[in-house]
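J.: The following comprises the amino acid sequence and a computationally predicted model.
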Amino acid sequence: MKAADFDYQRPSNLEAALDLLDDESGDVQVLAGGQSLMPMMNFRLAQPELLVDLNGLEDLQFIREADGHIQIGSMTRYCELENSPLIQQHVPLFSKALPHIAHVAIRNRGTIGGSTALADPAAEMPALLIALDAIIVARSRHGERSIKAAEFFLGLYETALEMGELIASISIPISEAGCECGFYELARRHGDYAMAGVAITVQTTNPISEARVVFFAVSDRATRTEAVENQLNGVSTLAGEEMKNAMEEIGKLDFHGDLNADIATKQHLAKVVFKRAIAEIFS
Amino acid sequence: MSGPLTLFDKPNSYIGKSVPRPDARRLVEGRGKYVDDLQLPRMLHAAFVRSPHAHAEIGIIDTAAATALPGVIAAYTATDLADHVSPYVGILTHLQGLRSPPQMPLAVDRARWQGEPVVMIVAQSRAIAEDACELVEIDFHTLEATCDAKTALQDDAPVIHAEFDSNLAWQRTVDAGNVEEAFNRDDVTVIEREFTFGRHTGVTLEPRASVVEYDPSEEVLTYHYSGQAPHMMQAVLAKHLRLLEENVRIIARDVGGSFGIKIHTYGDDVATAAAAKILGRPIKFIADRNESFVSDIHARDHTVRGRLAVDAEGKIAALEIDDLTGIGPYSMYPRTSAIECNQILNLTGAPYAIDNYRARGTVVFQNKNMMCQYRAVGHPVAMAVADGLLEEAAHKIGMDVVDIRRHNLFADNAYPTNSAAGMKFDDLSHQKALEKLVKFMDYDALRQNQTEARTQNVYRGIGLVSMVEVTNPSPMFYGIGGAPISAQDGASVRLDAAGALHVSASITEQGQGTNTIIAQISAGVFGVDIDRVKVTTGDTATTPYGGGTWASRGAGIGGEAVLQASHALKQQVLDVAGVILQAVSDQLDIVDGHVVDKDAGTQRISLADLGKIVYYRGNELPADVTPELIATRHYRVTDFPFVFTNGAMAAHVEVDVETGFVKVLNFWAVEDCGRVINPKLVDEQIRGGVVQGIGGALYEECIYSPDGQLQNASMADYLVPMAAEMPDIHIDHIETPTKTSVLGAKGAGEAGTGGAPAAIMNAVNDALRPLSTSLHQMPMTPQRILKALGKV
Amino acid sequence: MINSQNISLVVNGEPVSASVPNRTNLVDFLRNQLGLTGSHVGCEHGVCGACTLEVNGSMIRGCLMLAVQADGAEITTVEGFTSRDKAAQLQRSFQKNNALQCGYCTPGMLASALEYVEAGGGADRAAIRQHLSGNYCRCTGYQSIVDAVVDVIEQGAKQ
């Protein structure tokens, strides 16, 4: 399990990194935290020719408040998110979810940009970003563009990033008063990828509005489900007919089975995690 | 207690005390010496191209591009090694009818499991060797695979070995009493269940590791071994590499976990040794984690149909089991892959007085990784089947699960006695252990808690197991069947000039504390401070001959050899002291490193002074006195095939019936391993065993696709138990020393792994009982529980 | 030709310079080029925790970081723990509590435990278990490891 050989560059500024990425001749891979890429390289499932290491780029490491958003540099590590007072104050969904992501030693190294760009359907971060209506800021040598999280994750390990682009930052709107969030996942062991999970944000001032319900680890990507959100919006609490409808709508998701749970189990557990997350929000 | 002090309760005895391990400091400071830590001059590294197919003809192998890569020294196929290694066959003559074809380290003509080594690359680094592996081209022609043990014997199943008429490897039956008549009685209740046990593997944290050196000038092969049985490995390598046994030296320094994984003959290890011999250079092979999953032996993988009849008083009238297991394409060499099935037949129901017992075992070949002995061989299956059926029967007749055990466990005064399968038992304490457990766990309070919880829709369950464990095996285990596996062990104890003891012993250390208990026994028996005892194990060149570590035998067998040798040396030293002090040696003793007057305790001469006289100033001794300050003793169990231990365990679990998740709330074990030499070491070893058992019951499983691809060959996907999900585990002991030795110690290393799965399964089913369902398939995963509940 | 780079770093207080292949991960570099074999390789995919060590003040997986990335870093491995107060206490406590058997997980386990203790973690057993949940031990039942960590925390609280 030794990685195949590769060329390695560690640019000292973003422009230099983008120059390196703007190369269509070979297989260029960005190295962020490396907590998923390195295992894939060790298994030789990934064999890039050139590795562009972003770990030297201080201009991608920040957490700041600006324009009603929390802006997070893509090379911000999970542990920095966990310890940030800004995040604790303004992005409580992160604070709830982060302790479930792998283990401390992984969070000490793994970055928000890395797991966003990876788009693992079982990972928490894509779902969190969609639930938070985050904006992913992509940069290339040819400019910058903003992509809504809901439009960023296209499938299994597939994103809207184009050749030569990397994630520069992620911008999360600061939620208004009355906004609550819920997070629930079922993992076989602490820190494992979930068998099913859900992230929810919602305005709980009566009646409920602006619900965003995003499942992960049940399909080929983090999946927002407006049909379920519609059952939440406009009621004071989710119960009775609306809950029944919500359950029915969850059952219609495009479930993908894995080693721990087949489609029927995913279907069942998706309903359970949703009910539990809702119960937590409204308890 | 009355009578004179024995060597176990003398003030200077270390036996029975929680002495910290002297070698632990080395390990916590990063100074361990594991095989992969070795870097030898001119050392090369091996990697293997393994079959990606479960079953395939091997056509042309093209290694030209691989060998052309800079840094690659050699590439070997089975053909290249044919003149250097003789084939091996994993059979034992006492397992009558067991068959397995000859096996070579690399696949010859046909690959028979995904992961079987086909080509070996030797290069200047492991990374380069792996680069070269990617350049090897093998023309595979895939064949239909036989993967499912259940269909392996069907007429249309592809036969894996052309020389055999079917995929049958071995079959055995046991028939005691009159089972049919007992099941047909009209006063009995019959319970019938099918139990399924998933494939496990050991996941030693240190993977299998070999560094092999060969010196052609002396024809000496030195094998740095991460394993349990150096002398067995010496015999195996000498035989199959055609070397003189005395020219093969096996050295096992620190071993990063073993659990039965590292006691077998693996093709990649043998190929590494062969290549070292061919090239005359040291070669290192470290199995990476991916290789570990596809090539370390697997275990369990049994389907057992079980049937139990009990009368209205809960007395067992009859027990019948039918075990089917798939062992991969070969029986593993030299211990064979039939032992687990054999153990299941021997041990199912063994704690209970049963007159009528019938068992059938069927072992088949299949195109999966090979299966062989792993911690608690057969025990988790045997205990789960018997105690699973027993608890179901108790509920069916409305009897408490503790009461039904009270009615059926052998009485504590029943020994010596035999089980229905013919196992010889002595010095066991099933009833006492059960009563102690019931008190220890506060059984009645837990039952009350369970009832209360159910009113809140919380499903808690309590499950028990009464068990036996095979320990201290005699030659009846392997040696009788022709394997080069010693059942006896030796120890040499030497008094050095400075008054220190040096013990070398043939039992081995994998972290369980072997070296510590050797020092405890020797220091205590002889009479020196434990800090003055130096222990050597794990080297065929410097230790007496013996079996090493397997089947929970180290303390019981090797410990007794140490005791006998230390005792003998003490007599020899006192004889010399008698001459020097002009005293009667019978009236002398050794305490705290000094020869003392036995009665008054007055110090007469220090061992250091005595040593100096003997070694440096022999002129002061009479000419006819020839002191021997070294003693060697060997020990084997002679009057029993095995020395059984017993135990009783209980699990308290909570099942989330909405998710199928099981939380282990608590676990208790009462264990009778005879004399406890070091409580702290034994307790945590039992806990580790329990955790491994919980792993098997709830998490661990090698998942194969129907065409024989291992689908979870990583630590992210093969779920081992981790700290967060494990409970604190409470341990208590009963000490019924075995009469087979002075030390009286039996084994304890496998009890937890053998018993915990049954207790967990019973507890889960106890929790599920109000919902009128049960599950007898391990691991009991959330999905399986949800399916049992009809929720998915 | 295998791609390599020159790196300079400080390991256990000692400045080191070396040429390393790009693909060599940090733990392989420490073990094979510097002879610091205390950090162990268990899975090479970041799950088992045996290679956990400290880089610039945080505990990370040595198999999931390249050696070339450690250029300019300050690294502490188990060999360097002995001179550090809480680490030395943990080492003694592990011995006393029999919190190891084969010792292969121990360096990584100590690193994770040290991070917990130095961050002021409490003696809550469940919290300790959770913090150590990324470190696999096949030998112990984890209980003695938790005991060892609790002991150090309680000793610290008394002082």
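T.: Okay, I see it.
J.: list the helices and strands the longest helix seen in chain B packs on?
T.: Determined from DSSP state H, the single longest helix within chain B is helix B:559-581. Applying 3 or more CB pairs under 8 Å, 6 or more residues apart in numbering or on different chains; DSSP states H and E, one finds that helix B:559-581 makes contact with strand B:489-495, strand B:501-505, helix B:514-526, strand B:588-591, strand B:594-597, strand B:603-606, helix B:607-615, strand B:630-635. (Each C-beta comes from the backbone N, C-alpha and C, glycine too.)
J.: a markdown table for these, including mean neighbour count?
T.: Listed next are the helices and strands packed on helix B:559-581 as a markdown table, based on neighbours: other CB atoms under 10 Å in any protein chain shown:
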| stretch | mean neighbour count |
| --- | --- |
| strand B:489-495 | 26 |
| strand B:501-505 | 24 |
| helix B:514-526 | 27 |
| strand B:588-591 | 20 |
| strand B:594-597 | 20 |
| strand B:603-606 | 15 |
| helix B:607-615 | 19 |
| strand B:630-635 | 20 |
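J.: right, and the ones you listed - which one's nearest chain A?
T.: Closest to chain A of the helices and strands packed on helix B:559-581, according to CB to the nearest CB: helix B:514-526, at 31.0 Å.
J.: thinking again about what came up before, in the longest helix of chain B, what's buried?
T.: B:559-570, B:572-574, B:576-581 (16 or more other CB atoms under 10 Å in any protein chain shown).
J.: Quick check: which of the helices and strands packed on helix B:559-581 is nearest to residue A:147?
T.: Evaluated over the helices and strands packed on helix B:559-581, closeness to residue A:147 peaks at helix B:514-526, with 60.5 Å, by CB to CB.
J.: Does the closest one reach chain C?
T.: No. If you take CB under 8 Å from any CB of the partner chain as the test, helix B:514-526 misses chain C, and the best it gets is 9.6 Å.
J.: for whichever helix or strand comes after that helix, what is the average pLDDT?
T.: Downstream of helix B:514-526, the first helix or strand assigned by DSSP states H and E is strand B:533-536. The average of the pLDDT scores along strand B:533-536 is 98.
J.: From the chain's centroid, how far away is strand B:533-536?
T.: Here strand B:533-536 is found 24 Å from its chain centre; the criterion is CA atoms, centre = their mean, to the nearest Å.
J.: Return the list of helices and strands in contact with it.
T.: When contacts are defined as 3+ CB pairs under 8 Å, 6+ apart, strand B:533-536 sits against strand B:501-505, helix B:514-526.
J.: Export the ones you listed to TSV and append columns for mean pLDDT.
T.: TSV is the format used below for the helices and strands packed on strand B:533-536 (pLDDT from 0 to 100):
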stretch	mean pLDDT
strand B:501-505	98
helix B:514-526	97
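J.: closest one to residue A:108 among those?
T.: Of all those, helix B:514-526 comes closest under CB to CB, at 35.5 Å.
J.: Now do that closest one: which elements does it pack against?
T.: Against helix B:514-526 (3+ CB pairs under 8 Å, 6+ apart) you get strand B:489-495, strand B:501-505, strand B:533-536, helix B:559-581.
J.: same thing but 6 Å
T.: Under the contact criterion of 3 or more CB pairs under 6 Å, 6 or more residues apart in numbering or on different chains; DSSP states H and E, helix B:514-526 touches strand B:501-505, strand B:533-536, helix B:559-581.
J.: can you tell which of those is closest to residue A:50?
T.: Of those, nearest to residue A:50 by CB to CB is strand B:533-536, at 52.0 Å.
J.: Residues in contact with that closest one: which ones?
T.: With contact meaning CB atoms under 6 Å, 6 or more residues apart in numbering or on different chains, strand B:533-536 is reached by B:501, B:502, B:503, B:504, B:515, B:518, B:519, B:522, B:523, B:542.
J.: And the furthest pair within the residues you listed?
T.: B:523 and B:542 (20.3 Å).
J.: Near chain B, which residues of the stretch 151-283 of chain A? Just list them.
T.: A:186, A:188, A:189, A:190, A:259, A:261, A:264, A:265, A:268, A:272 (CB under 6 Å from any CB of the partner chain).
J.: Near chain C, list only the ones from the residues you listed.
T.: Near chain C, by the rule CB under 6 Å from any CB, you find residue A:190 out of these.
J.: Break chain B down into its domains, please.
T.: Domain assignment for chain B by automatic domain parsing gives B:24-32+B:488-635, B:35-143+B:206-258+B:261-295, B:298-475+B:639-788.
J.: most packed of those domains?
T.: domain B:298-475+B:639-788 (a mean of 23; mean count of other CB atoms under 10 Å in any protein chain shown).
J.: That domain near chain A anywhere?
T.: Yes. Counting by CB under 6 Å from any CB, chain A is contacted by domain B:298-475+B:639-788 at B:658, B:659, B:703, B:712, B:719, B:722, B:724, B:725, B:783.
J.: Give me the mean pLDDT for that domain.
T.: 97.
J.: can that domain be found next to chain C?
T.: Yes. Domain B:298-475+B:639-788 is in contact with chain C by CB under 6 Å from any CB, via B:680, B:684, B:687-688, B:690-691, B:715-716, B:720, B:722-724, B:726, B:728-729.
J.: From these, which land in helices?
T.: B:680, B:684, B:687, B:688, B:690, B:691.
J.: need the residues of the stretch 101-250 of chain A near chain C, please.
T.: Checking the stretch 101-250 of chain A against chain C by CB under 6 Å from any CB, the hits are A:103, A:105, A:108, A:109, A:190, A:191.
J.: Mind doing that once more with 8 Å?
T.: A:102, A:103, A:104, A:105, A:106, A:108, A:109, A:189, A:190, A:191.
J.: And the closest residue to residue B:547 other than its chain neighbours, what's its pLDDT?
T.: Counting by CB to CB, 6 or more residues apart in numbering or on different chains, residue B:547 lies nearest to residue B:486, which is 4.1 Å off, once chain neighbours are set aside. Per-residue confidence (pLDDT) for residue B:486: 95.
J.: And for residue B:5?
T.: Predicted confidence (pLDDT) for residue B:5: 58.
J.: For residue B:383, find the nearest of the helices and strands packed on helix B:514-526.
T.: Comparing the helices and strands packed on helix B:514-526 against residue B:383 with CB to CB, the closest turns out to be helix B:559-581 (25.9 Å).
J.: Can you give me the distance of the closest residue to chain B within chain C to residue C:113?
T.: Nearest to chain B, among the residues of chain C, is residue C:38, at 2.2 Å (CB to the nearest CB). Using CB to CB, to the nearest Å, residue C:38 is found at 15 Å from residue C:113.
J.: Compare the two (neighbour count), which wins?
T.: The neighbour comparison of residue C:38 against residue C:113 (other CB atoms under 10 Å in any protein chain shown) goes to residue C:113, with 30 against 25.
J.: mind listing the helices for the stretch 151-283 of chain A?
T.: With DSSP state H, counting those that start in this stretch, the ranges of helices along the stretch 151-283 of chain A come out as A:226-232, A:240-251, A:263-282.
J.: what secondary structure does the residue of chain C closest to chain B sit in?
T.: Following DSSP: H, G, I helix; E, B strand; the rest coil, we place residue C:38 in the coil state.
J.: dump the residue contacts of it.
T.: Counting by CB atoms under 8 Å, 6 or more residues apart in numbering or on different chains, residue C:38 touches B:29, B:30, B:31, B:32, C:77, C:78, C:79, C:107.
J.: Okay then, goodbye and thanks.
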